[in-house]
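Asks: What follows is a protein structure lacking sequence information:
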Ligand code: DAH
């Protein structure tokens, strides 16, 4: 009995991991373990022998069991300690620098435009970039033979030869959203419609995709005077200048009558553009009173309602405001450019903190 005891106490203390310990347990106390076999022998003993051997064996069994449990806990503790040794974090280390993205100037300027017009009571309307030729042209009083259709360098969606449907186009301007809004909400209307537009053109001032913002106001007694005030407000706030002079130049658009292109007074000294002073003029948008045919196309009665519309290049005014020389660079995805001209997400110009950088 003493030999058994010494043998297994040593084996338990030598066990290096839980598997080895389990082997020891089976060898001693398992069904065919040495101690278990001894217990079985008790049956063959005389009552006197049993009285001595029984309690001793039971005591041995209990001792081994508690030694096994103690060792098991010790092994588990050792494993945990080893893990704690290797898996640790120095929470006092300064955090690693992460790459923080920047807000693209187009997104930034779009937000600025939206917030300025929102302040004047305009909400935002959107339309699809893939447009039917009806919304992009016909509804805007640009019929099939009209030169404006050809001038717009339109991208047409591919149609299989047996597809009889009228063509879809990549919208060449945001003006179709005017008609969609008229259909959807009826008059009165005060919306701006920002978004991407497409034309097959590429040079320093043209990219096949660019951005416009459309404005549309319909009511019973709106006039060019309201258009002028709204645009002056916008330009003053957007360029952060107290005084601006706008020049309305008679022009022609099929969807407005009368139509005007709007220039803004500026100076170009030493290649530096200054808005609001000087002797130069810079064209920034097209505008006019919405053509009765366009109102009718949108389901609005031109005998009751009238209003103004305008269309402005977002990329264009972004270049002017933030001194970005080449339109193409907007869409190059050059990280150095984005870091230079982009805006920190928590440090953007806005209506409340000021719109100049
Ligand atoms: N859609 C015109 C363009 O892309 C811009 C424009 C001119 C929009 C006059 C208007 C407008 O709403 O009244 O060239």
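Replies: Nice, I can see it. Please read all numbers here as calculations on a predicted model, not as lab measurements.

Asks: Any stretches of the stretch 251-357 of the chain with poor pLDDT?
Replies: Per-residue confidence of the stretch 251-357 of the chain (counting by pLDDT under 70) places the weak regions at 357.

Asks: Up against the ligand, what does it have?
Replies: 253, 256, 286, 287, 288, 309, 310, 311 (CB under 6 Å from any ligand atom). C-beta coordinates here come from the backbone N, C-alpha and C atoms, glycine included.

Asks: Grab the nearest non-local neighbour of the first one.
Replies: Take residue 253 and drop its neighbours on the chain: the residue closest to it by CB to CB, 6 or more residues apart in numbering is residue 259, 4.5 Å away.

Asks: now the end-to-end length of stretch 122-133.
Replies: Taking CA to CA, to the nearest Å, stretch 122-133 runs 27 Å from one end to the other.

Asks: What mean pLDDT does it get?
Replies: Per-residue pLDDT over stretch 122-133 has a mean of 96.

Asks: The residue in the stretch 101-250 of the chain that the ligand sits nearest to: which element?
Replies: With CB to the nearest ligand atom, the shortest gap between the stretch 101-250 of the chain and the ligand falls at residue 173, namely 3.3 Å. Residue 173 is located outside every helix and strand, with elements delineated by DSSP states H and E.

Asks: That one contacts residue 212, doesn't it?
Replies: Yes: taking CB atoms under 8 Å as the definition, residue 173 is a contact partner of residue 212 at 5.9 Å.

Asks: what touches both of these two?
Replies: Counting by CB atoms under 8 Å, 6 or more residues apart in numbering, the residues touching both residue 173 and residue 212 are 197, 311.

Asks: Going by secondary structure, the residue nearest to residue 253 is in what exactly?
Replies: Using DSSP H and E, residue 259 falls within strand 256-269.

Asks: circling back to that earlier point, and the residues of the stretch 251-357 of the chain next to the ligand, which of them are in helices?
Replies: Taking DSSP state H, every one of those sits outside helices.

Asks: mind putting those residues in CSV, neighbour count included?
Replies: Converted to CSV, these look like this (neighbours: other CB atoms under 10 Å):
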residue, neighbour count
253, 22
256, 24
286, 22
287, 25
288, 23
309, 26
310, 24
311, 22
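
Asks: List the contacts of the helix or strand that the strand holding residue 259 is followed by.
Replies: Scanning forward in sequence from strand 256-269 by DSSP H and E, the next helix or strand is strand 272-275. By CB under 8 Å, 6+ apart, the residues outside strand 272-275 that reach it are 235, 239, 241, 244, 264, 265, 266, 267, 282, 320, 323.

Asks: correct me, but the fifth one touches residue 244?
Replies: Yes: the pair residue 264 / residue 244 is scored as a contact, 6.1 Å apart, by CB under 8 Å.

Asks: and those two? which has more neighbours close in?
Replies: Comparing residue 264 with residue 244 by other CB atoms under 10 Å, the one with more neighbours is residue 264, at 23 against 19.

Asks: what bridges to the more buried one?
Replies: Beta-bridge pairing of residue 264 under DSSP bridges involves residue 246, residue 282.

Asks: Tell me which residues touch it, please.
Replies: With CB under 8 Å, 6+ apart, residue 264 has these contacts: 235, 244, 245, 246, 247, 275, 276, 281, 282, 284.
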